[in-house]
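Asker: mind folding the following:
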Amino acid sequence: MKTISYTICAIMAAGFALSGNAEVKPKSKKVTELKYSGRIQAQWDGVGSDDTSSKEDRNHFYFRRLFLGGHAKLGDNWGGDIVMDFGASPNKDNTVFIDGASVWYQFDDSFRLDIGQIKVPFGMEETTSSSKLKAIERSAVNRQFAESLKFNARHTGLFVKGSLDGGFSYNLAVVNSGQNHNSKDSNLKDGLYGYNNNELSYYGRLAYANYDSDLRHSFGVSAGLMETDETLANELTAYNIYGSIGSGPISLDVEYMKGTADITAGDEEHEGYSAQISYALNNAPVGAWEFLYRYSTVEGTPTGSSLISAKEIVRRANIVNSTVDELNQHYFGVNYLFDGHDAKLMVGYEMNELNEGTASADADGFRARVQILF
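Answerer: Predicted coordinates for the structure are as follows:
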């Protein structure tokens with residue numbers, strides 16, 4: 001019932017906003033800017049596996065994301081944002097997923113404070129908007145840290161960011177240890193090592209970027225400490241190094257992640273990287289072509305501990321062995337941008353090799369997505 005009500009409200013709000021005879025006004029007269037946003041990503045997955053199982057190979061259309069958001073500003077310093085996802089897969093209890101929500105204060109470009117639920121500053125690909133990703137799904141190493149460990153992605157707490165002189169920038173966060181569906185303890189997401197719901201976690205990133213040079217380049221380093229369930233691990237620490245370089249139509253993006261779970265019996269480590277090269281062809285009749293290849297790998301030690309979540313990394317595949325020692329992933333993609341990221345079609349072929357001891361299995365297939373932003 002909640003989902004139906006939210007959906008009806010969203011449709012009505014959009015209809016009134018588009019109607020020539022209707023006028024949308026903020027409740028507060030102090031609001032100086034009010035806008036809404038939307039993101040529709042319709043997707044098809046055709047992923048198969050040679051894993052012996054009674055499950056069928058995936059052949060399915062669905063909505064990957066259905067975003068509707070509102071954004072308000074009160075003068076130059078205060079504001080608030082809320083974005084809801086009506087298509088999020090975790091909504092088994094028929095609630096709407098909070099993609100992001102915060103109240104913010106911005107003094108100037110060097111200091112902005114957010115209080116709410118947004119993504120912590122860890123992972124280049126994870127903190128890149130899904131609307132601007134070149135591959136349909138994020139890389140294997142990224143999904144291990146964000147989806148299996150629940151280390152990064154969305155948390156609730158305090159966030160500070162700003163731009164510094166010379167192209168440098170910083171991000172800091174002090175947040176709840178549990179990854180969020182919302183801020184209630186009972187609804188936080190429980191990763192491989194759980195979380196301590198009465199402790200905080202800490203993240204920081206320092207980055208540099210120069211996009212005006214003939215040789216575009218950026219790089220950054222980030223680190224985090226997550227307080228875990230003490231019966232599983234004392235804490236989880238990780239760091240991330242990334243870089244991007246480009247010239248003309250060619251771009252190369254690389255990132256590395258390593259995390260260590262402090263366990264009394266012996267530390268467990270998660271380590272991997274991704275490398276992506278892309279080429280843009282802008283002389284299409286309408287829009288632009290984009291071609292890319294990405295390789296990503298992630299492994300866990302000690303070997304034999306089955307620390308890598310194949311089920312979380314390879315979305316919607318019929319994998320029996322949900323955890324493995326190592327996962328290697330190849331992705332080949334072709335995108336057509338009709339109007340930049342506002343309207344684009346993405347097609348990709350994904351190849352996954354799952355290694356568990358001396359055994360291995362493959363999970364391969366096509367994915368396709370059409371995206372509209374407004």
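Asker: just the strands in the stretch 101-250 of the chain please.
Answerer: Here the stretch 101-250 of the chain has its strands, by DSSP state E, counting those that start in this stretch, at 111-119, 154-163, 168-176, 200-210, 216-226, 236-247, 250-261.
Asker: hang on, I meant the stretch 251-374 of the chain
Answerer: 268-281, 288-301, 308-309, 323-324, 326-337, 343-356, 359-373.
Asker: re the thing from before, to residue 35, which of the strands of the stretch 101-250 of the chain lies closest?
Answerer: strand 111-119 (17.9 Å; C-beta to C-beta). All C-beta spots, glycine's among them, are computed from the backbone N, C-alpha and C.
Asker: quick one: that closest one to strand 200-210, angle?
Answerer: Between the axes of strand 111-119 and strand 200-210, defined by axes from the mean of the first three to the mean of the last three C-alpha atoms, to 10 degrees, the angle is 110 degrees.
Asker: list the buried residues for strand 111-119?
Answerer: 112, 113, 114, 116, 117, 118, 119 (16 or more other C-beta atoms under 10 Å).
Asker: what do you get for stretch 287-298?
Answerer: 287, 288, 290, 292, 294, 295, 296, 297, 298.
Asker: what's it in contact with?
Answerer: Applying C-beta atoms under 8 Å, 6 or more residues apart in numbering, the contact partners of stretch 287-298 are 134-135, 139-142, 144, 257, 270-282, 308, 313, 326-339, 344.
Asker: could you tell me the end-to-end distance of stretch 45-56?
Answerer: 13 Å (C-alpha to C-alpha, to the nearest Å).
Asker: now the contacts of stretch 287-298: which count as buried?
Answerer: Among the contacts of stretch 287-298, those classed as buried by 16+ other C-beta under 10 Å are 134-135, 139-142, 144, 257, 270-274, 276-278, 280, 308, 313, 326-331, 333, 335-337, 344.
Asker: ok, longest strand in the protein?
Answerer: The residue-count maximum for a strand in the chain (DSSP state E) belongs to strand 33-49.
Asker: so how far is it off the chain centroid?
Answerer: 13 Å (C-alpha atoms, centre = their mean, to the nearest Å).
Asker: after that strand, heading C-terminal, what element do we hit next?
Answerer: Heading C-terminal from strand 33-49, the first helix or strand you meet, by DSSP states H and E, is strand 60-74.
Asker: tell me the pLDDT at the closest residue in space to residue 230 that isn't next to it in sequence?
Answerer: Closest residue in space to residue 230, ignoring its immediate chain neighbours: residue 196 at 6.6 Å, by C-beta to C-beta, 6 or more residues apart in numbering. Residue 196 carries a pLDDT value of 90.
Asker: same check on residue 357?
Answerer: 87.
Asker: tell me the contacts of it?
Answerer: Neighbours of residue 357 in contact, by C-beta under 8 Å, 6+ apart: 303, 304, 325.
Asker: number of nearby residues for the last one?
Answerer: When you say that, I think you mean residue 325. Per other C-beta atoms under 10 Å, the neighbour tally for residue 325 reads 19.
Asker: ok, it touching residue 356?
Answerer: Yes. Here residue 325 reaches residue 356: they are 5.5 Å apart, a contact under C-beta atoms under 8 Å.
Asker: burial check on residue 39, number of neighbours?
Answerer: 22.
Asker: output the below-cut-off pLDDT ranges for this structure.
Answerer: The chain contains residues with pLDDT under 70 at 1-23, 51-55, 89-94, 181-187, 321.
Asker: residue closest to the middle of it?
Answerer: residue 126 (3.9 Å; C-alpha atoms, centre = their mean).
Asker: so it sits against residue 138, correct?
Answerer: Yes. Residue 126 lies in contact with residue 138 (C-beta under 8 Å); the separation is 6.6 Å.
Asker: okay, and the common contacts of those two?
Answerer: Counting by C-beta under 8 Å, 6+ apart, the residues touching both residue 126 and residue 138 are residue 146.
Asker: residues in contact with the residue nearest to residue 298 when sequence neighbours are not counted?
Answerer: Of all residues not flanking residue 298 in the chain, residue 272 sits nearest, at 3.1 Å (C-beta to C-beta, 6+ apart). By C-beta under 8 Å, 6+ apart, the contact list for residue 272 reads 140, 141, 144, 256, 257, 296, 297, 298, 299.
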